[in-house]
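Trainee: Got a predicted structure here, sequence first:
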Amino acid sequence: MHTNTTTRQETLRVLFGVIPSWRLSQIERALFSPSIRSFGEITTLPALWRGPLHEERVFVSYREAQVFWSQKKDTFKALLTLADGKKIETVLMRNARGAFTVCVSTQVGCAMACTFCATGKMGFSRNLSSDEIVDQVRHWIYFLADHPEVSARISNVVYMGMGEPLANYEAVRQSLRTILAHTDIGPTHITVSTVGLVPMLDRILDDAEWPAVRLAVSLHSADPKTRKEIMPTSYDDFPETLARWAEQYFAKFDSKRRHLTFEYIMLSGVNDSEQHAEALIGFTRRIGKVRINLIPYNYTGDIFRKSTQREIDAFQERLESAGVDVTRRRTMGEDIDAACGQLAVRKRG
Ligand code: SAH
């Protein structure tokens, strides 16, 4: 019997005993081929293996996938039902370069309780296994193969779906390693977004197995008081702590191209004033190689209002006049509730 935590590797071990790593790698590689849809179709495997494996339901770790198409056909959301009946969402969206970015979830629900986020309101249910994270990418590889009219390849993966990636550290790390090993997506095309759990950020610094993917920290305010009000996991000295951490981070991942991204949701009257812009400018000066990604707030049924275009423009201009590197996130998939912060699985009834 399979529980939700049974991984493909464990299943293979139960069936065949100790498996040489080249063989495991061969199987994992086949899992990313758009034309192979069951273990039985992995022709590089001995026939003796294919038989028993064919019956195994662990080929993909979800048992059902429901896909929603945005009207513009530039964003797709899949509601995946996992082996234990829990549901998660993953999103495929066309990026500025015309290719696709996959957004993956890392947990069922989330314990961080950010006040503006729909997932935060669901509470935490459980961590996803590495297979369950990787299989979200595989789902879209199959989807694109089955829908040639959508034609484009997957160029990027962002860990920005449901859940806090660094609260599920080992599975996230394993999933990153698997994606990097078996797709042509490189580490600079993968971004892990975190609420900023400091012990886990520290762990990355000491972890030789952590791949050199990009990191984005959800900042949302450089003022400790405001940040704490909207993000209950924040703390009073986070600007200092993050600045110290960033110094070590840049020392470890020494590269001219490397920068840290800070995400900043624009909430009208909450974090979009001139004072907030000044605080943010001060913060970016302390950190150094920073990119600020301004995110329009997507409605999640709470008390917040999104900043107007004018407010966002003014905020951006203030940052840019101080030399801050600013990008703006496009809102996509609002019509199918697939935009940032809107991923939540509604309870029936
Ligand atoms: N837990 C991770 C990944 C979550 S979501 C993190 O906190 O970074 C990815 C981004 O979407 C985060 O920056 C998150 O704060 C942001 N987000 C959450 N709710 C949002 C909303 N309603 N509108 C816009 N962005 C939102």
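Mentor: Here it is on my side, so go on.

Trainee: need the residues of the protein near the ligand, please.
Mentor: Within the chain, the positions near the ligand by C-beta under 6 Å from any ligand atom are 112, 114, 116-117, 160, 164, 193-195, 218, 263, 265, 295, 297-298, 300, 340-341. For glycine as for every other residue, the C-beta is placed from the backbone atoms N, C-alpha and C.

Trainee: Of these, which belong to strands?
Mentor: Among the residues of the chain next to the ligand, the members found in strands (DSSP state E) are 193-194, 218, 263, 265, 295.

Trainee: neighbours of the closest residue in space to residue 197 that isn't next to it in sequence, just the number please.
Mentor: Excluding the flanking residues, the one nearest residue 197 by C-beta to C-beta, 6 or more residues apart in numbering is residue 166, at 4.8 Å. If you count neighbours by other C-beta atoms under 10 Å, residue 166 ends up with 23.

Trainee: Quick check: phi and psi at residue 166.
Mentor: Per-residue torsions, residue 166: phi -80, psi -10 (degrees, to the nearest 10).

Trainee: residues in contact with it?
Mentor: Residue 166 makes contacts with 172, 192, 194-195, 197, 200-201, as judged by C-beta atoms under 8 Å, 6 or more residues apart in numbering.

Trainee: Most neighbours among those residues, which one is it?
Mentor: Within the contacts of residue 166, most neighbours by other C-beta under 10 Å means residue 172, with 27 neighbours.

Trainee: Could you list the low-pLDDT ranges of the protein?
Mentor: Judged by pLDDT under 70, the chain has its weakly predicted residues at 1-6, 254-257, 345-349.

Trainee: In it, where's the longest helix?
Mentor: Under DSSP state H, the helix in the chain containing the largest number of residues is helix 130-146.

Trainee: Strands along the stretch 151-300 of the chain, start to end?
Mentor: With DSSP state E, counting those that start in this stretch, the ranges of strands along the stretch 151-300 of the chain come out as 154-159, 190-194, 214-218, 260-266, 290-296.

Trainee: Export these to CSV and append columns for distance to residue 95.
Mentor: Output for these, formatted as CSV (distance: least, C-beta to C-beta, whole Å):
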stretch, distance to residue 95
strand 154-159, 6
strand 190-194, 12
strand 214-218, 14
strand 260-266, 15
strand 290-296, 14
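
Trainee: By proximity to the ligand, which residue of the protein wins?
Mentor: Closest residue of the chain to the ligand, C-beta to the nearest ligand atom: residue 341 (2.0 Å).

Trainee: Next, count neighbours for the closest residue to that residue other than its chain neighbours.
Mentor: Of all residues not flanking residue 341 in the chain, residue 117 sits nearest, at 4.5 Å (C-beta to C-beta, 6+ apart). Using other C-beta under 10 Å, the number of residues around residue 117 comes to 25.

Trainee: Residue 117: what's it in contact with?
Mentor: Neighbour list for residue 117: 110, 300, 341 [criterion: C-beta under 8 Å, 6+ apart].

Trainee: and the second one, what is it in contact with?
Mentor: Contacts of residue 300 were listed using C-beta under 8 Å, 6+ apart, and they are 116-118, 121, 341-342, 344.

Trainee: Nearest residue to the middle of this structure?
Mentor: Compute the mean C-alpha point of the chain, and by C-alpha atoms, centre = their mean the closest residue is residue 159, 1.1 Å away.

Trainee: can you list the domain ranges for this protein.
Mentor: Here the chain is described, according to automatic domain parsing, as comprising the domains 1-59, 60-336.

Trainee: hey, which of these is tucked in deepest?
Mentor: Stretch with highest mean neighbour count among the domains of the chain: domain 60-336 (a mean of 18; mean count of other C-beta atoms under 10 Å).

Trainee: What is the end-to-end distance of that domain?
Mentor: Length of domain 60-336, first residue to last, C-alpha to C-alpha, to the nearest Å: 25 Å.
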